[in-house]
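Colleague: Sequence first, then the predicted structure:
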Amino acid sequence: MELDHAHLTLKLADKEQDLLAAERLRYEVFVEELGGDGALVDHAGRFERDRFDPVFDHLVLIDETRDRSTLDHVVGVYRVLPSGRSERYYSEDEYDLSPLIRTGRPLLELGRTCVREGYRNGVALHLLWNGLADYVRARNIEVLFGVASLHGTDVEALAGPLSLLHHSHLAPPELRVRAQKGVYQPMDLVPPNQIDRVAAMRAVPALIKSYLKLGGFVGDGAFVDHDFNTTDVCLVIDIDRMSPSALARYAKGAGA
């Protein structure tokens with residue numbers, strides 16, 4: 001599966017060099033740029049990794065003009081895990097996923113999405129989405145989910161966007177995952193009629209906005225991740241519930 005846009009190529013990582021380059025990009029974005037850390041982060045080698053990397057598939061966007069020998073060639077990453085491959089999902093450390101698992105439907109967990117600075121003009125994310133749509137359709141996936149992050153751990157500063165997501169995009173009960181007990185952070189911090197909707201939506205990261213435009217929902221409660229200097233929400237996309245316009249964008253992205 002490859003998609004070319006000028007000198008950009010999207011593929012599933014099938015070589016160690018590509019996986020290492022993906023982990024290097026994740027380090028640059030999540031650690032150096034956003035101030036994150038983690039138990040398996042390799043600061044000496046500049047790799048951001050965790051115990052789930054070996055079981056996930058890694059969609060990598062490669063700039064063919066960049067140097068592969070220095071692991072500089074991957075400029076975008078999407079990490080994906082189809083149901084049935086692992087006994088546990090990455091998101092389960094933060095969210096109770098039982099509502100999704102009980103459906104018995106084919107699931108796909110998304111995560112570690114990032115794009116190199118200088119490539120964030122929309123083209124890279126568009127190519128990554130095209131590849132994801134192709135991956136999903138080839139495997140008959142029905143429900144996509146995963147944690148997505150707002151930068152920072154100051155919940156009061158994020159009260160606007162968190163409240164907007166809760167009041168306007170909360171998942172229906174049968175798909176409503178919930179932050180785990182003990183780490184549950186309420187999101188309904190501001191009453192609906194008091195939210196500055198323009199400012200709140202401006203504070204929502206572009207990736208989350210993209211999921212919402214496709215008809216995505218958020219789970220109940222956030223998770224404050226001090227290691228990664230983020231506040232996470234869990235996004236859920238049920239392909240059967242996507243709007244006609246969103247389905248048209250999805251089909252176009254999948255090459256249909």
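Modeller: Received the coordinates, thanks.
Colleague: For the rest of this, base every contact and every neighbour count on C-alpha atoms.
Modeller: OK.
Colleague: Phi and psi next, for residue 111.
Modeller: As for residue 111, its main-chain torsions (degrees, to the nearest 10) stand at phi -180, psi 170.
Colleague: What's the local residue count around the closest residue in space to it that isn't next to it in sequence?
Modeller: Spatial nearest neighbour of residue 111, excluding adjacent residues (Cα to Cα, 6 or more residues apart in numbering): residue 79 at 5.2 Å. Residue 79 has 20 neighbouring residues, counting by other Cα atoms under 10 Å.
Colleague: quick one, what contacts residue 79?
Modeller: Shown in contact with residue 79 (Cα atoms under 8 Å, 6 or more residues apart in numbering): 56, 57, 58, 59, 110, 111, 112, 113.
Colleague: I'd guessed the third one sits against residue 77; true?
Modeller: Yes - look at residue 58 against residue 77 with Cα atoms under 8 Å: they come within range, at 6.8 Å.
Colleague: Neighbour count: the two, which is higher?
Modeller: Comparing residue 58 with residue 77 by other Cα under 10 Å, the one with more neighbours is residue 77, at 30 against 23.
Colleague: sec struct for the more buried one, please.
Modeller: strand (DSSP: H, G, I helix; E, B strand; the rest coil).
Colleague: I'd like to know how far it sits from residue 25.
Modeller: For residue 77, the distance to residue 25 equals 8 Å [Cα to Cα, to the nearest Å].
Colleague: got it, and residue 181?
Modeller: As judged by Cα to Cα, residue 181 and residue 25 stand 32 Å apart.
Colleague: Of those two, give the one with the bigger neighbour count.
Modeller: Per other Cα under 10 Å, whichever of residue 181 and residue 25 has more neighbours is residue 25, with 27 against 10.
Colleague: Looks to me like that one is in a helix.
Modeller: Yes - assigned with three-state DSSP, residue 25 falls within a helix.
Colleague: Thought residue 112 was touching it, still the case?
Modeller: No - counting by Cα under 8 Å, residue 25 stays clear of residue 112, with 10.3 Å between them.
Colleague: list residues touching both of the two?
Modeller: Counting by Cα under 8 Å, 6+ apart, the contacts common to residue 25 and residue 112 are residue 77.
Colleague: Of all residues in the protein, which one is nearest the centre?
Modeller: Nearest residue to the geometric centre of the chain (Cα atoms, centre = their mean): residue 111, 4.0 Å.
Colleague: Give me the distance between that residue and residue 235.
Modeller: Using Cα to Cα, residue 111 is found at 10 Å from residue 235.
Colleague: Pull up the overlap in contacts between those two.
Modeller: Contact criterion Cα under 8 Å, 6+ apart; residues shared by residue 111 and residue 235: 146, 147, 148.
Colleague: Among these, name the least confidently predicted one.
Modeller: Among these, residue 148 carries the weakest pLDDT, at 93.
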